[in-house]
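S.K.: Provide a 3D model corresponding to the input given below.
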Amino acid sequence: MKFLVAAIFLAVSIQAFSQFNKGDKVLGGTLSFNTAKNENSRYVNVSTNSTSFSIYPSFGVLINSNLEVGTLLGYTSSHDEWKATDTNTDRKSNNLATGLYLQRYFVISDKFLFSLIANINYGGGKEKTSITSQNGIDENEGKQNSFGITFRPNFIFFPSPHWGLQASIGDLSFTVTHFKNKMNDNTSSQFGVNYGSVNFGIAYYFRGDLE
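M.R.: So this is what the prediction gives:
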């Protein structure tokens, strides 16, 4: 949370980056991987393991010297396990998403930039849950659709005028999800501050002044 507050303060404290030109194009993408493990000592043999992987290619256009708009596609795969004394639950999901984004650039130095990214996306996918207990194995499949809005700070390093290497830590998000399987049909919403999310990306900038 402190990182996100500091990032927003940095954005309003530094000057706008004016190295780009209107009409410049950006082809890029981000890659993220998250893993978490939790042992609950209040119970006997209770643990959770979660892993997720996502990739989001994107294409954008500079509408002025420091503001980029674009579209993105995404794929996310996640795997969660809950292990208890008598029951083990295993859940796997795969989702595809598409959306729009807005990125505002700020200068730190000739090779380092800071940006704030806002994106809106809609996606859907399938989920499979398997519960193993003394009564056997119970499997259940479902479908979900989600709509989300995310804000995140981003740092960019330019090893050359055309290539940008990106990294971000943390985000603010609001998500509405509709999930349906043979037992449930419900819609939920969630607002979250995910300071443990780490994203890495690379982008190629088609800059007219350098062609």
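
S.K.: end to end, how far does stretch 82-90 reach?
M.R.: Using Cα to Cα, to the nearest Å, the end-to-end distance of stretch 82-90 comes to 7 Å.

S.K.: Could I get the buried residue list for it?
M.R.: Within stretch 82-90, the residues that count as buried by 16 or more other Cβ atoms under 10 Å are 82, 89, 90. All C-beta atoms are positioned from the backbone trio N, CA, C, and that covers glycine.

S.K.: Tell me how far the first one lies from residue 138.
M.R.: It refers to residue 82. 14 Å (Cβ to Cβ, to the nearest Å).

S.K.: got it, and the second one?
M.R.: Here residue 89 is placed at a distance of 10 Å from residue 138 (Cβ to Cβ).

S.K.: so what sits against both of the two?
M.R.: Counting by Cβ atoms under 8 Å, 6 or more residues apart in numbering, the common neighbours of residue 89 and residue 138 are 130, 131.

S.K.: Count the neighbours of residue 153 for me.
M.R.: Neighbour count of residue 153, defined by other Cβ atoms under 10 Å: 21.

S.K.: Kindly report the same for residue 183.
M.R.: 8.

S.K.: Quick one: name whatever helix or strand follows the worst-scoring helix or strand of the chain on mean pLDDT.
M.R.: In the chain, no helix or strand scores lower on mean pLDDT, DSSP states H and E than helix 2-13, which sits at a mean of 47. Tracing the chain past helix 2-13, the next element assigned as helix or strand by DSSP states H and E is strand 25-39.

S.K.: Buried residues in that following strand, which are they?
M.R.: Buried, per 16+ other Cβ under 10 Å, within strand 25-39: 26, 28, 29, 30, 32.
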